[in-house]
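Engineer: requesting a structural model of the entry that follows:
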Amino acid sequence: MERFDVIVIGGGVVGTAVLRSLAAYKAKVLLLEKSSDVATGASRANSGIVHAGYDAETGTKKAYFNVKGAAMFPSLTRELHVPYRMVGSLVAAKEGGLPAIKALYERGVNNGVKVEIIEREKIEALEPNIAPDIKYALYAPEAGVVSPYKLTIAQADHAVVNGAEIRLEEKVVGISESAGGYLVVTDKAEYHASYVVNAAGAGAVEINALLGESTPEMKHAVGDYYILDSKAAGVVNTVVFPLPDEKGKGILVAPTADGNVILGPTSRVVPHDEAEINAVTREGLALVREGVGKLIPKVDMRSVIRVYAGTRTAVGGDFIIEESCKFKNYFMLLGICSPGLTSAPAIGEYVAEKVSAALHLQKKEAMRPLPPRFRLTEASDEDIKAKIALDPSYGRIVCRCEKVTEGEILSAIHSPLPAHTVDAVKRRVRAGMGRCQGGFCRPRVMEILSRELSIPLSEVRLGDKGSEIAPYEVKDGYGKI
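Structural biologist: Residues are numbered from 1 along each chain as shown. Next up, the predicted model:
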């Protein structure tokens, strides 16, 4: 049985932020994730907004970690080589919405956020395509957009580079107190940990139940989204929100960190057993179109290249970020919904400080840097020529839409946290995220995975187990492998 100082359960943006922060200490740390990759739950499918911090109620954990986390993003994303753009945000309102805008402004000021109330002329200067009946807006210039899954993956990679371990496709099936710590049982192995951090997102209820820890009622909401082709990028410059309501921040229109445009989300409350079923609905997509039309009427829906749904989990009106009162050295991160992505780096630091104090861990002198990934689309002609001279695989385009090379795919497959599925490759290098959505490049990505992992093509998966893409040789008759 392997022994660790700390085990983190859950490979979302919060879990990997905790792991990365713990990797700065002299400790043996492990992250357990039941899926085939990190960033496969809420961290895979969300708006990717780095919220400025005016929305959260003053004095809450949401407000504190939102504002602190947002301030970390410029340096953090540079360090991790993650796409991030400080584009600013607008909360748009019609004639009668000024009182609500003023209330948000006051909250933003109280939270320490740079905000400004602007009127039609300045709104149009920022957003020429704004709806004609929008009269007022709350402008937060320091809001931004980030790739949520690339951030999660980069945090995981950086943790591994600094000695942390990650075990994928290991579902935790048991936790019990044992020898001054915890026995953590998965469907593959048993581990001992002095400290356990539950960062399992929608699955946090089950993890608590395994130990016998109670969990407040958790509510799960599914949101529908559209993604537009990068050719539609000019339709919006900032993140444009409607006035928030009881369901949340509302249906937004925003640029993404990678150059697309995102529309959504809706908010459909679902039972706990459906919290991880990410399926859009016809009704939900219709609501997105309706909401977008009220903000940016000139959005061309013919530019849609994909629809998807994401899940978020809430517990009351605030985050639960605390050590259990019942079980010593058991930390719970529950209901980390919006602004959870923005808050994640600050939450990671906070938890690591609590754990290090409890276990008397010493900090390392310095962390090893995460090497940058070569991206053809970001490189100069001279750098591209030099790279191809060293490795000809960087001269072979696999994904034409996103201009992804074989060399970039090989780098993803052999990265600190290796990409072993088509979707894992897609999240790291964007092969399959363009206009054709993998229609041309997927077979080639599959061939590369088959070759590099030394597995037959029939075993190459889209994502989790059971998602094999080509299990049969059709030419020789259905059923033959």
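
Engineer: list the buried residues of stretch 195-211.
Structural biologist: 195-205, 207-208, 210-211 (16 or more other CB atoms under 10 Å). Using the backbone N, CA and C atoms, a C-beta is placed for each residue, glycine as well.

Engineer: now do the SS call for the closest residue in space to residue 179 that isn't next to it in sequence.
Structural biologist: Among residues not flanking residue 179 along the chain, residue 192 sits closest, at 6.9 Å (CB to CB, 6 or more residues apart in numbering). With DSSP: H, G, I helix; E, B strand; the rest coil as the basis, residue 192 sits in strand.

Engineer: show me the contacts for residue 428.
Structural biologist: 150, 153, 373, 412, 415, 419 (CB atoms under 8 Å, 6 or more residues apart in numbering).

Engineer: quick one, domains of the protein?
Structural biologist: 2-43+149-217+317-359, 89-141+219-311, 376-476 (automatic domain parsing).

Engineer: check contacts around residue 140.
Structural biologist: 52, 54, 88, 89, 90, 108, 113, 114, 115, 116.

Engineer: can you select the buried ones from the residues you listed in ChimeraX?
Structural biologist: Applying 16+ other CB under 10 Å to the contacts of residue 140 leaves a buried subset, and the ChimeraX line that selects it is:
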select :52,54,88,89,90,108,113,115
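
Engineer: list the contacts of residue 138.
Structural biologist: 54, 90, 91, 101, 104, 105, 108, 115, 116, 117, 118.

Engineer: next: residue 274.
Structural biologist: Counted by CB under 8 Å, 6+ apart, residue 274 has contacts 220, 222.

Engineer: need the pLDDT of it.
Structural biologist: Per-residue pLDDT puts residue 274 at 75.

Engineer: repeat that for residue 233.
Structural biologist: So residue 233 comes in at 94 (pLDDT).

Engineer: okay, it and residue 223: tell me how far apart.
Structural biologist: 22 Å (CB to CB, to the nearest Å).

Engineer: same thing with residue 68?
Structural biologist: 25 Å.

Engineer: tell me the strands beside the worst-scoring helix or strand of the chain on mean pLDDT, with direction?
Structural biologist: Sorted by mean pLDDT, DSSP states H and E, the helices and strands of the chain end with strand 268-270, the least confident at a mean of 90. Strand 268-270 has the following strand partners under DSSP bridges: strand 219-228 (antiparallel).

Engineer: average pLDDT across the partner strand?
Structural biologist: 95.

Engineer: ok, stretch 92-99 next?
Structural biologist: 96.

Engineer: which parts of that stretch are buried?
Structural biologist: Applying 16+ other CB under 10 Å to stretch 92-99 flags 92, 93, 97 as buried.

Engineer: equivalent analysis for stretch 114-131, please.
Structural biologist: Buried-residue list, stretch 114-131, by 16+ other CB under 10 Å: 115, 117, 118, 123, 126, 127, 129, 130, 131.

Engineer: so the third one belongs to a strand, correct?
Structural biologist: Yes - the secondary structure assignment for residue 118 places it in a strand, going by three-state DSSP.

Engineer: for the nearest residue to it once chain neighbours are set aside, what are its contacts?
Structural biologist: Excluding its sequence neighbours, the residue lying closest to residue 118 (CB to CB, 6+ apart) is residue 139, at 4.9 Å. Residue 139 makes contact with 88, 89, 90, 115, 116, 117, 118, 122, 126, according to CB under 8 Å, 6+ apart.

Engineer: okay, and which of the contacts of residue 138 map to helices?
Structural biologist: Under the assignment DSSP state H, the contacts of residue 138 contribute 101, 104, 105, 108 to helices.
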